[in-house]
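# Here you go, sequence then predicted model.
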Amino acid sequence: MAERYIKEYANDCKRKIEENNLIRSNLKNKIIAKINKAVKLRDKELITADEAIKIILERFEA
């Protein structure tokens, strides 16, 4: 159940970032890569669901 929520939340975040015209494209790519990495790590069960969501929430931090 948590995996499905994480994937849906990640896809929604990526869609919103892509639609945002105020963010430069190179920063968009870095943010999306960070979100994708969190989802992949969760799929491999290397991090918990809470950690994946935390990474997605902190996507704008360096």
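In hand now; what should we look at? Numbers count the residues shown, from 1 in each chain.
# Can you list the neighbours in contact with the helix or strand harbouring residue 15?
Taking DSSP states H and E as the criterion, residue 15 maps to helix 2-19. Helix 2-19 has contacts (C-beta atoms under 8 Å, 6 or more residues apart in numbering) with 23, 28, 31-32, 35-36, 38-39, 42-43, 49, 52-53, 56, 59. In short, each C-beta sits where N, CA and C put it, glycine included.
# Mind checking what helix or strand follows it in sequence?
Next along from helix 2-19, by DSSP H and E: helix 25-43.
# in stretch 37-50, what's buried?
By neighbour count on 16 or more other C-beta atoms under 10 Å, the buried set for stretch 37-50 is 38-39, 42, 47.
# Check the offset of it from the chain's centre.
Taking C-alpha atoms, centre = their mean, to the nearest Å, one finds stretch 37-50 lying 11 Å from the centre of the chain it belongs to.
# go on, stretch 51-60?
Worked out by C-alpha atoms, centre = their mean, stretch 51-60 lies 6 Å from the chain centre.
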